[in-house]
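> Next one to model:
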Amino acid sequence: MLGIARQALERFHDVTTDDDGALTFAHGGVVCALQGLELEEGLPVLNLTCVVAWDLPVESDVPTRVALGAGEGLFGTPRVIRGQSGWDVTLRYAFPASGLDEKAMGTLLMLVVSSASSMRAELTDSTVDS
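Below is the predicted model:
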């Protein structure tokens, strides 16, 4: 399943395979990692984690903006964490990968990373202007 995902992603991005088998790539300033696992026999799942932004100013209201729909994506769950140097934002999406061909896999993955990029653009533009 990671092989199909890699082929799908390589149509759009440079993809690296990490030592643990995860695929990493970047899209619009967003760093992404795709991992595969089998939850149960016959149930392969892919987990895509996108690091949307990091070290956003603490005085900016990032948690509220994310909660109110920054990026307005349909795919993925955003999370805001207060790091040592500011707000860090991730977007995570897990889905069953069984039966997806390269084209369908590519479409799904690009919907998620496009949402992450839109969120990044909105959050970084708004914090720069604040």
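
> wait, what's in contact with the most centrally placed residue in the chain?
For the chain, the residue nearest the mean C-alpha position is residue 50 (2.6 Å; Cα atoms, centre = their mean). Residues near residue 50 by Cβ atoms under 8 Å, 6 or more residues apart in numbering: 27, 30, 31, 32, 76, 90, 91, 92, 112, 113, 116. All C-beta spots, glycine's among them, are computed from the backbone N, C-alpha and C.

> Which of those sits closest to residue 6?
residue 32 (12.7 Å; Cβ to Cβ).

> which residues pair with the closest one across the strands?
When bridges are called by DSSP bridges, residue 32 pairs up with residue 25, residue 50.

> in stretch 55-70, what's buried?
56, 60, 62, 65, 66, 70 (16 or more other Cβ atoms under 10 Å).

> thinking the second one is in contact with residue 89, fair?
No. Using Cβ atoms under 8 Å as the test, residue 60 is too far from residue 89 to be in contact (11.2 Å).

> which stretches of this structure form strands?
Here the chain has its strands, by DSSP state E, at 16-17, 23-27, 30-40, 43-56, 77-83, 86-96.

> Determine the set of other helices and strands touching the second one.
Using 3 or more Cβ pairs under 8 Å, 6 or more residues apart in numbering; DSSP states H and E, the elements in contact with strand 23-27 are helix 2-10, strand 16-17, strand 30-40, helix 102-129.

> So for residue 23, which of these sits nearest?
strand 30-40 (4.4 Å).

> could I have that closest one exported to PDB, CA atoms only?
Taking Å, rounded to 0.1, in the frame of the first residue of the first chain, the C-alpha atoms of strand 30-40 are listed here in PDB:
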ATOM      1  CA  VAL A  30       4.100  21.800   4.800                       C
ATOM      2  CA  VAL A  31       6.200  18.900   5.800                       C
ATOM      3  CA  CYS A  32       4.300  15.600   5.600                       C
ATOM      4  CA  ALA A  33       4.900  12.000   6.700                       C
ATOM      5  CA  LEU A  34       2.900   9.000   5.500                       C
ATOM      6  CA  GLN A  35       3.000   5.800   7.500                       C
ATOM      7  CA  GLY A  36       1.300   2.500   6.900                       C
ATOM      8  CA  LEU A  37       0.100  -0.100   9.300                       C
ATOM      9  CA  GLU A  38      -2.300  -3.100   9.400                       C
ATOM     10  CA  LEU A  39      -4.900  -2.500  12.200                       C
ATOM     11  CA  GLU A  40      -6.100  -6.000  11.700                       C
END
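
> Thanks again, I'm all set now.
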